[in-house]
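[1] One predicted model, sequence on top.
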Amino acid sequence: MRLSSILNGAHFGNLAKVHGIVTYKLSPFEQRAFAGAISNGVPNMIRRFRSNVFIVAPREYPLSSLIWDFGNNNLVSIAAFIVGYLIYDLTERKHHALARKNPADFENDE
């Protein structure tokens, strides 16, 4: 028995007849890969960035009020941010200083 007589001209993806399941296919030539990338993608990227970014102060205060208005807890938030940055900067400087070799240890090398 030849394989072509079994297939009866059917392609590999259409070998079985399945009843009760509806499938839809869209040609790759009809798809738009970047459809809505600018109109939907950019606002979504901004929304996701704002929801995940480290927030220094409460959301209800705009950036200008963080700089000029020191009412409520803004001063505490700004002070905590500044102290955290100073600790980070000091740690980085100390790490670079400790990672550097001492030139006096290599004076007598030939």
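    Nice, thanks for sending it over.

[2] Any regions of the chain where pLDDT drops low?
    Residues of the chain that meet the criterion pLDDT under 70 lie in 1-10, 13-15, 52-77.

[3] Mind doing that once more with 50?
    Across the chain, the ranges flagged by pLDDT under 50 are 66, 68-70.

[4] Just the helices from this structure, written as ranges.
    Remark: helices assigned in the chain by DSSP state H are 3-7, 42-52, 63-68, 74-99.

[5] Counting by contacts, list what the longest one packs against.
    Judged by 3 or more C-beta pairs under 8 Å, 6 or more residues apart in numbering; DSSP states H and E, the packing partners of helix 74-99 are helix 63-68. Using the backbone N, CA and C atoms, a C-beta is placed for each residue, glycine as well.

[6] neighbours around Ile78, how many?
    15 (other C-beta atoms under 10 Å).

[7] With the one 5 residues further on instead?
    Applying the criterion other C-beta under 10 Å, we find 10 residues in the vicinity of Val83.

[8] Same question for Asp109.
    5.

[9] how much space between it and Lys101?
    To Lys101, Asp109 is 12 Å away according to C-beta to C-beta, to the nearest Å.

[10] quick one: Gly20 from Ser39, how far?
    Distance from Gly20 to Ser39, by C-beta to C-beta: 38 Å.

[11] neighbour-wise, which of the two wins?
    Taking neighbours as other C-beta under 10 Å, Gly20 and Ser39 compare with Ser39 leading, 9 against 4.

[12] Quick check: that one vs Met45, distance?
    Taken as C-beta to C-beta, the span from Ser39 to Met45 is 12 Å.

[13] what do you get for Ile82?
    The value you get for Ile82 to Met45, if C-beta to C-beta is used, is 29 Å.
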